[in-house]
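Peer 1: Pasting a predicted model and its sequence here:
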Amino acid sequence: MSDAPVRCPWAGTSPDYVAYHDTEWGRPVVDDVAIYEKLCLEGFQSGLAWITILRKRENFREAFNAFDPHAVAGFGAADVARLLGDAGIVRHRGKIEATITNARAVVALWDAGRSLASLVWSFEPDRTSRPAPGGLESLPASTAESVALSKQLRHCGFVFVGPTTAYSAMQALGVVNDHLDTCHVRAACEEARQAQQR
């Protein structure tokens, strides 16, 4: 009998996936820059496997000035051309331009005295009404909350943030805890979520 910890099946056996699953996915994030990065990377992931993005994440960080919204908001046509020639990232014009647009949306929130974290976390579901998921088949692609979050983000000027992308971000950022009830890190993620100031 194996003594290996039980994980969500999507984590597989890849060291990159296992580390991401165990130490990041589902743990609460309230830093605006980290949330902006996650939204952008989830947008880049659309149509691709997350492992592709995960393995290129450091390249993305280098290409986009560590996802500093003020820096990326200043990108122009020359930067888009540079990024389209960067084999270390996903070279998709729409997604690159969306990352710049979204940086400007973050800065606009800041200029208005708001935070991206408070916006995203305001769509946290009522935890008392959400049962622990029983299997991968029970996990939705989107929810009423992710639809509402997507709509609000778009209202604030964000793009490439449809309901499915928004829900993936909510899962990754710990806004919901979708670790399966058998997963060895579910309880730790929930404890961290309970302790999180909202």
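Peer 2: Cool, got the structure.

Peer 1: Output stretch 9-26 as CSV, nothing but the C-alphas.
Peer 2: Below are the C-alpha coordinates for stretch 9-26, written out as CSV (Å, rounded to 0.1, in the frame of the first residue of the first chain):
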residue,chain,number,x,y,z
PRO,A,9,-6.2,13.8,-9.9
TRP,A,10,-5.4,16.7,-12.1
ALA,A,11,-2.0,17.1,-10.3
GLY,A,12,-0.8,13.9,-11.9
THR,A,13,2.9,13.1,-11.3
SER,A,14,4.7,16.0,-13.0
PRO,A,15,6.9,17.7,-10.3
ASP,A,16,5.8,21.1,-11.7
TYR,A,17,2.1,20.2,-11.3
VAL,A,18,2.6,18.5,-7.9
ALA,A,19,4.4,21.5,-6.5
TYR,A,20,1.8,23.9,-7.8
HIS,A,21,-1.0,21.8,-6.5
ASP,A,22,0.5,21.4,-3.0
THR,A,23,1.8,24.9,-2.4
GLU,A,24,-0.2,27.4,-4.5
TRP,A,25,-3.5,26.2,-6.0
GLY,A,26,-6.4,27.1,-3.7
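
Peer 1: what's next to that stretch, contact-wise?
Peer 2: Under the criterion Cβ atoms under 8 Å, 6 or more residues apart in numbering, residues 7-8, 51, 54-55, 136, 171-172, 174, 177-180, 185-186, 189 lie in contact with stretch 9-26. Quick note: C-beta positions are derived from backbone N, CA and C, even for glycine.

Peer 1: just curious, which of these is nearest to residue 145?
Peer 2: Relative to residue 145, the closest of the contacts of stretch 9-26 is residue 171; by Cβ to Cβ it sits at 11.5 Å.

Peer 1: And for the closest one, the neighbour number?
Peer 2: Neighbours of residue 171 under the rule other Cβ atoms under 10 Å: 19.

Peer 1: for residue 107, same thing?
Peer 2: For residue 107, the neighbour count with other Cβ under 10 Å is 17.

Peer 1: Could you list every helix and strand in contact with the strand or helix carrying it?
Peer 2: Using DSSP states H and E, residue 107 sits in helix 93-111. Of the remaining helices and strands, those touching helix 93-111 by 3 or more Cβ pairs under 8 Å, 6 or more residues apart in numbering; DSSP states H and E are helix 32-45, helix 69-73, helix 77-84, helix 116-121.

Peer 1: Export the ones you listed to a markdown table and append columns for distance to residue 103.
Peer 2: Listed next are these as a markdown table, based on distance: least, Cβ to Cβ, whole Å:
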| stretch | distance to residue 103 |
| --- | --- |
| helix 32-45 | 7 |
| helix 69-73 | 4 |
| helix 77-84 | 11 |
| helix 116-121 | 11 |
